[in-house]
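Undergrad: give the three-dimensional model of this entry:
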Amino acid sequence: MGEVSERTGVAVSALHYYERLGLIASVRTDGNQRRYPRHMLRRISLLVVAKRIGIPLADVKEVFDTIPLDATPTHQAWQHTSRLWREQLRERKRAIEQLDAEITGCIGCGCLSMKACALLNPGDLLGETGQGPRRL
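TA: Predicted structure coming up:
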């Protein structure tokens with residue numbers, strides 16, 4: 001486990017956590033030591049990349065669930081996973097571009113209106129819950 005941690009830059013505690021979530025798997029030796037199959041390095045590396053770019057672990061798990069833990073994934077399995085991940089990334093990109101457009105308009109407008117602002121209070125949903133501050 002220490003070698004995998006050193007090789008990937010992922011803390012041992014994080015490896016334990018990922019294993020509990022079912023994102024990675026190890027086998028136990030007769031001496032009760034964890035051993036990770038070689039193909040787990042790729043999964044762990046992808047977890048590191050996902051974390052770096054802000055992809056939630058639930059989304060990673062959804063994609064990783066299509067790849068078996070107990071065998072080296074085939075090229076086709078990785079291609080399928082890659083397509084799923086690209087779809088998620090495209091959706092995130094569209095959401096970020098929408099937020100960028102809204103925040104640019106919000107900063108430019110300067111209205112600071114909680115009732116009219118589509119960014120902070122879309123459709124004035126907070127107004128329907130009553131008067132006064134609702135976010136505190």
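Undergrad: the strands in this protein, which residues?
TA: Secondary structure of the chain (DSSP state E): strands at 27-28, 34-35.
Undergrad: between the ones you listed, which one is closest to residue 15.
TA: Proximity to residue 15 (CB to CB) singles out strand 34-35 among these, at 8.3 Å. All C-beta atoms are positioned from the backbone trio N, CA, C, and that covers glycine.
Undergrad: remind me which residues of this structure are low pLDDT?
TA: Low-confidence segments of the chain, defined by pLDDT under 70: 104-127, 132-136.
Undergrad: domains of it?
TA: 1-67, 74-126 (automatic domain parsing).
Undergrad: related to what we said a few turns ago, including mean neighbour count, could the strands of the chain go into a markdown table?
TA: Converted to a markdown table, those look like this (neighbours: other CB atoms under 10 Å):
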| stretch | mean neighbour count |
| --- | --- |
| strand 27-28 | 10 |
| strand 34-35 | 14 |
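Undergrad: out of those strands, which gets nearest to residue 21?
TA: Among the strands of the chain, strand 34-35 sits nearest to residue 21 (CB to CB), with 15.4 Å.
Undergrad: send over stretch 13-23 as CSV, restricted to the C-alpha atoms.
TA: As requested, C-alpha coordinates have been extracted for stretch 13-23 and formatted as CSV (Å, rounded to 0.1, in the frame of the first residue of the first chain):
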residue,chain,number,x,y,z
SER,A,13,-5.9,7.1,4.0
ALA,A,14,-7.4,8.2,0.6
LEU,A,15,-6.6,4.8,-0.8
HIS,A,16,-8.6,3.2,2.0
TYR,A,17,-11.4,5.6,1.4
TYR,A,18,-11.5,4.9,-2.3
GLU,A,19,-11.5,1.2,-1.6
ARG,A,20,-14.5,1.6,0.8
LEU,A,21,-16.4,3.4,-1.9
GLY,A,22,-15.7,0.6,-4.4
LEU,A,23,-13.6,2.8,-6.7
